[in-house]
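**Student:** pasting the sequence and the predicted model now:
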Amino acid sequence: MVVETNNEIAVFLGPSCSIEEAKSILPEADYFPPAARGSIYGIINDGYRMIVLLDGLFYGQYSVWHKELLFALDCGIEVIGATSMGALRAAELDCEGVTGVGQIYQWFRDGEIDGDDEVALLHQSSEGAYAPLSIPLANLRWNLRLARRECMIDEQQEARILDHAKALCFQDRMMEVVLSPLAKELDVSGLQKWLETHGEDLKKRDCLEALRFAASRIATLGPAQPPRLRAYETVHTLIGIEYFTHERLNAICAKRQGKAMPLSQYTERVAVGDPSYRSYLRARACQRLINGWARELHLEITPAPILPQWLPNRFDLAHRRATGLTLIDIAREGREAAFTAGVIGSLSSPASRSLVSDIDRQLAEAGFSAWGAGAEITHLDGRLVYTLRRLGREKGILPDENEDADTAEAALHYLEWVYRTGLQHFGYTFDAATEILLAHQFADRLDDILGLRAAS
């Protein structure tokens, strides 16, 4: 069941402190279990303005991915990290905009500690309550420093305990075990009792500090920032440099009719061979190669204004939640459509108008409709086909070295050769199922993919 919320803050919390104590500081938040890979993607369309990452999974499940946090930042969401996984990721990504809070974050940032086992611990969990069964190494470091300042141990003894603890698996770090190297030279039971009585839970302290910091930020959150597109978000990624496809399709969900379904489940059911997609898929292939080749040729292109269909205000939160279409998807597609229009405009000439008209006529005769699925995103027309072949010739990419005639037949033959050869042959990724998914996300018609068309 999809839970509707009006809260603007999402907190990922586990054993660092109890939810009750956290809510006493930050009641205006939604609380989630420790983050795993995909957790950030899973809430990216739920309207949150701030994510507070505290606890995350280290063992037995993939940890939350760095690029999920970058994706959240690029969607205009503020990200705060502290205490555990949050401190580690903040130290790795503070230069990208993640805000780190607390002592543990500072240790990671300054290189004083560098292992994820510093904050890992074994715990029991039941109905959102987490009972620690082992000692986090970061907590041990902090409390041994306190003990040394009180002359309970000296510097060499502190180092020996830490070396011994570091050599243990995080699950085996019980107090009596980590103190065992000193059993013959001091009162270990007395030291253990002192640590339990006078020691501090550093992870909890940092956790509470981060929650208070987040509470102080609520009033100062300005208007949502526009999405930021990074280099890896370009539609035209070379093979092997496509960062998000698998994780995003499996983690971002369409949340409709009380259910959440990963986008991958839609792509698995797409009928790629459906003739109604023929025009759309060829148009998308044209757009992909036109933009890629224009960039490879270093053409000086002035992008056209963002087309009306890709203005973000068309896709409100309800639309994005229902379809899994993200702000980054919208911004990226708007940018690429504007760039395509700029390329077409720069290569158009009075001499090409007759050829473009002839291509349009033959497309219509061949049944390439401009009204099929995805037509609002892009549709196959003479300008696309002409521009594709023009750029292909400039790059020397031709099916037949002797085929150089400027005819509609030659241009259409070129389009079919390129499409059937496949974009991977030219160095670009092109997955028909995800392209079709985008068309249905855009139109908010995902049910059509599942074969659930309502009777008209």
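**Tutor:** Sure thing, it's come through.
**Student:** per-residue pLDDT, the nearest residue to residue 414 once chain neighbours are set aside?
**Tutor:** Using CB to CB, 6 or more residues apart in numbering and skipping residues adjacent in sequence, the residue nearest residue 414 is residue 389, 4.5 Å away. Where C-beta positions appear, they are placed from N, C-alpha and C, glycine not excepted. According to the predicted model, the pLDDT of residue 389 comes to 96.
**Student:** what residues sit buried inside the strand or helix carrying residue 389?
**Tutor:** Assessed by DSSP states H and E, residue 389 sits inside helix 382-395. Neighbour-count burial for helix 382-395 flags 382-392 (criterion: 16 or more other CB atoms under 10 Å).
**Student:** residues of the longest helix anywhere in the chain that come out buried?
**Tutor:** The helix of greatest length in the chain, counted in residues with DSSP state H as the criterion, is given as helix 327-347. Of the residues in helix 327-347, those buried by neighbour count under the rule 16+ other CB under 10 Å are 327-344, 347.
**Student:** cool, stretch 9-19 as well?
**Tutor:** Within stretch 9-19, the residues that qualify as buried by neighbour count (16+ other CB under 10 Å) are 9-17.
**Student:** just the ones in helices from those, please.
**Tutor:** In this view, the buried residues of stretch 9-19 have no member that belongs to helices under DSSP H.
**Student:** Throw those into JSON lines and include distance to residue 174, thanks.
**Tutor:** As requested, the buried residues of stretch 9-19 are arranged in JSON lines below (distance: CB to CB, whole Å):
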{"residue": "9", "distance to residue 174": "35"}
{"residue": "10", "distance to residue 174": "33"}
{"residue": "11", "distance to residue 174": "29"}
{"residue": "12", "distance to residue 174": "26"}
{"residue": "13", "distance to residue 174": "24"}
{"residue": "14", "distance to residue 174": "19"}
{"residue": "15", "distance to residue 174": "15"}
{"residue": "16", "distance to residue 174": "19"}
{"residue": "17", "distance to residue 174": "21"}
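**Student:** now these in a markdown table, with pLDDT and distance to residue 294?
**Tutor:** Below are those laid out as a markdown table (pLDDT from 0 to 100; distance: CB to CB, whole Å):
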| residue | pLDDT | distance to residue 294 |
| --- | --- | --- |
| 9 | 95 | 42 |
| 10 | 97 | 40 |
| 11 | 97 | 44 |
| 12 | 97 | 42 |
| 13 | 95 | 47 |
| 14 | 92 | 48 |
| 15 | 91 | 52 |
| 16 | 92 | 50 |
| 17 | 93 | 53 |
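**Student:** nearest to residue 263, of the residues you listed?
**Tutor:** Minimum separation from residue 263 among the buried residues of stretch 9-19 (CB to CB) is found for residue 10, which lies at 20.1 Å.
**Student:** got the contact list for the closest residue to residue 307 other than its chain neighbours?
**Tutor:** Computed as CB to CB, 6+ apart, the closest residue to residue 307 that is not its neighbour in sequence is residue 337, at 5.0 Å. Residues touching residue 337, when contacts are defined by CB atoms under 8 Å, 6 or more residues apart in numbering, comprise 287, 306-307, 310, 377-378.
**Student:** can you list phi and psi of residue 31 for me?
**Tutor:** Comment: the main-chain dihedrals of residue 31 come out as phi -110, psi 130, following degrees, to the nearest 10.
**Student:** so what's the residue count around residue 121?
**Tutor:** A total of 25 residues lie near residue 121 under the criterion other CB atoms under 10 Å.
**Student:** again with residue 411
**Tutor:** Look at residue 411: counted by other CB under 10 Å, it has 24 neighbours.
**Student:** likewise for the one 10 residues further on?
**Tutor:** A total of 12 residues lie near residue 421 under the criterion other CB under 10 Å.
**Student:** just the element for residue 305, please.
**Tutor:** Here residue 305 is covered by no helix or strand, with elements defined by DSSP H and E.
**Student:** do I have it right that it meets residue 334?
**Tutor:** No. Here residue 305 lies out of contact with residue 334, judged by CB atoms under 8 Å, at a distance of 9.6 Å.
**Student:** for residue 224, give me its contacts.
**Tutor:** Shown in contact with residue 224 (CB under 8 Å, 6+ apart): 49, 76.
**Student:** how far away is it from residue 47?
**Tutor:** 10 Å (CB to CB, to the nearest Å).
**Student:** what does the helix holding residue 389 contact?
**Tutor:** 283, 286-287, 289-290, 293-294, 296-297, 340, 343-344, 347-348, 352, 355-360, 363, 378, 398, 404, 408, 410-412, 414-415, 418.
**Student:** separate out the buried members of these.
**Tutor:** Buried positions within the contacts of helix 382-395, assessed by neighbour count (16+ other CB under 10 Å), are 283, 286-287, 289-290, 293-294, 340, 343-344, 347, 352, 355-356, 358-360, 363, 378, 408, 410-412, 414-415, 418.
**Student:** can you tell me the helix or strand for the spatially most central residue of the chain?
**Tutor:** Against the mean C-alpha coordinate of the chain, by CA atoms, centre = their mean, the closest residue is residue 68 at 3.4 Å. In this assignment (DSSP H and E), residue 68 forms part of helix 66-74.
**Student:** other residues contacting that helix?
**Tutor:** Outside of helix 66-74, the residues within contact range by CB under 8 Å, 6+ apart are 37-41, 44, 51, 53, 79, 89, 92-93, 96-98, 227-230, 232-233, 243-244, 247, 251, 326, 328.
**Student:** does residue 141 touch residue 119 like I think?
**Tutor:** No. With the criterion set as CB under 8 Å, residue 141 and residue 119 do not qualify as a contacting pair; they are 10.8 Å apart.
**Student:** of these two, give the one with the bigger neighbour count.
**Tutor:** In this view residue 141 and residue 119 are compared by other CB under 10 Å, and residue 119 has more residues nearby, 28 against 21.
**Student:** so who does the more buried one touch?
**Tutor:** By CB under 8 Å, 6+ apart, residue 119 lies in contact with 83-85, 87-88, 104, 136-138, 203.
**Student:** on that earlier part again, mean confidence for the helix holding residue 68?
**Tutor:** If you average the pLDDT values across helix 66-74, you get 92.
**Student:** repeat for stretch 251-265
**Tutor:** 90.
**Student:** can I get that stretch as CSV, trimmed to CA atoms?
**Tutor:** Listed next in CSV are the C-alpha coordinates belonging to stretch 251-265 (Å, rounded to 0.1, in the frame of the first residue of the first chain):
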residue,chain,number,x,y,z
ALA,A,251,14.1,0.7,-7.5
ILE,A,252,12.0,3.5,-8.9
CYS,A,253,8.3,2.5,-8.7
ALA,A,254,5.1,3.6,-10.3
LYS,A,255,2.8,4.1,-7.4
ARG,A,256,-0.8,3.8,-8.5
GLN,A,257,-4.0,2.4,-7.2
GLY,A,258,-2.5,1.7,-3.8
LYS,A,259,0.3,-0.4,-5.2
ALA,A,260,4.0,0.2,-6.0
MET,A,261,5.4,-1.6,-9.0
PRO,A,262,9.1,-1.3,-10.0
LEU,A,263,9.5,0.1,-13.5
SER,A,264,11.4,-3.1,-14.5
GLN,A,265,8.2,-5.0,-14.2
